[in-house]
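>>> No sequence on hand, only this structure:
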């Protein structure tokens, strides 16, 4: 897997997790599911997809990155 593809999957992962939480896994493109499983971010369990420990860690990192990005934007706005 190329670094570009992995970065793209990481960017889309939050949306994929949201679809899983809303029980809409069928809306996640099959190639993306295969890639997430190969990255050990998702796993099949009894015919259902679920987050792995690695996937949960990626979600935490994404939330942290989002929070940091929002704080950075607030800092820029407060200086203007």
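Good, I have the coordinates. Here the structure is a predicted model, which means the values were calculated and not measured.

>>> For residue 27, which non-adjacent residue is spatially closest?
residue 19 (5.2 Å; Cβ to Cβ, 6 or more residues apart in numbering). Quick note: C-beta positions are derived from backbone N, CA and C, even for glycine.

>>> give the contact list for that neighbour.
Shown in contact with residue 19 (Cβ atoms under 8 Å, 6 or more residues apart in numbering): 25, 27, 28.

>>> mind listing the strands for the chain?
Here the chain has its strands, by DSSP state E, at 42-45, 48-51.

>>> elements contacting the first one?
The reference is to strand 42-45. helix 30-38, strand 48-51 (3 or more Cβ pairs under 8 Å, 6 or more residues apart in numbering; DSSP states H and E).

>>> And those: which comes nearest residue 68?
strand 48-51 (21.9 Å; Cβ to Cβ).

>>> Relative to residue 64, how far out is the spatially most central residue of the chain?
Compute the mean C-alpha point of the chain, and by Cα atoms, centre = their mean the closest residue is residue 13, 2.2 Å away. According to Cβ to Cβ, to the nearest Å, residue 13 stands 14 Å off from residue 64.

>>> what's the answer for residue 54, then?
In terms of Cβ to Cβ, residue 54 sits 16 Å off from residue 64.
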